[in-house]
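# dropping a prediction and its sequence here:
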Amino acid sequence: EDQVTQSPEALRLQEGESSSLNCSYTVSGLRGLFWYRQDPGKGPEFLFTLYSAGEEKEKERLKATLTKKESFLHITAPKPEDSATYLCAVQEPGGYQKVTFGTGTKLQVIP
Amino acid sequence: EAQVTQNPRYLITVTGKKLTVTCSQNMNHEYMSWYRQDPGLGLRQIYYSMNVEVTDKGDVPEGYKVSRKEKRNFPLILESPSPNQTSLYFCASRRPNSPLHFGNGTRLTVT
């Protein structure tokens, strides 16, 4: 069964301390890898889509990268408002277009 | 504003009392899906619909029903809720090969 694994489960950073979140996947023929941000009690909010190895996307302090087996979400000089759970999801090939989610990384940025 | 609307946001009920959670989207998306989110298990797909009158089981369909009579609406039905269905539920919609748009969730408690 195709799997999506995120690490670490939780991450605590000081404000300004850069770090990376990892998402590894086993799906063959990836049709897209998505990153979402989820605040407590709210629905996931879309951040990035990556389609092919080598691709990078940036938004403010966040940069997402993709290799053949994993993706990284780099957070540069984070601020307390970046605290959230970050979810990774992969779209499998085929007409069904199933999207499988990882369990997320809970990020806490301390002032 | 493009959005997915779920109701109610919070629901407390008793075992065996039928309930329906509504979901509506205004983006003319063909694909809609229901997920449940539980601590440590992430988002798991319950049912999905590729178009009107076309629905299929996801990974955890037991105890749930859905219908898709109109493109914009995709209600989730629990005919005889049980305590193990206590969870946070999300409805989502998307265009093909595009990110999912999520509602703000329904927190269900079954006692």
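That came in fine, so what should we check first?

# near chain A, which residues of chain B show up?
B:4, B:31, B:33, B:35, B:40-45, B:50, B:56, B:90, B:92, B:96-105, B:107 (CB under 8 Å from any CB of the partner chain). Every C-beta, even on glycine, is put in place using the N, C-alpha and C of the backbone.

# sort out for me which of those residues are in strands.
Counted as lying in strands by DSSP state E, out of the residues of chain B next to chain A, are B:4, B:31, B:33, B:35, B:42-45, B:50, B:56, B:90, B:92, B:101-102, B:107.

# is the closest residue to chain A within chain B in a bridge, and if so with what?
Taking CB to the nearest CB, chain A has its nearest neighbour within chain B at B:Phe102, 3.3 Å off. Assessed by DSSP bridges, B:Phe102 has beta-bridge partners B:Ala92.

# name all residues that make contact with the most centrally placed residue in chain B.
In chain B, the residue lying closest to the centroid (CA atoms, centre = their mean) is B:Trp34, at 3.2 Å. Applying CB atoms under 8 Å, 6 or more residues apart in numbering or on different chains, we find B:Trp34 in contact with B:23, B:45-48, B:58, B:64, B:66, B:74, B:76, B:89-92.

# just the buried residues of those residues.
In the contacts of B:Trp34, burial by neighbour count holds for B:23, B:45-48, B:58, B:64, B:66, B:74, B:76, B:89-92, counting by 16 or more other CB atoms under 10 Å in any protein chain shown.

# can those residues go into TSV with extra columns for pLDDT?
What follows is the buried ones among the contacts of B:Trp34, written out as TSV (pLDDT from 0 to 100):
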residue	pLDDT
B:Cys23	98
B:Gln45	94
B:Ile46	97
B:Tyr47	96
B:Tyr48	94
B:Gly58	93
B:Tyr64	98
B:Val66	98
B:Phe74	98
B:Leu76	98
B:Tyr89	98
B:Phe90	98
B:Cys91	98
B:Ala92	97
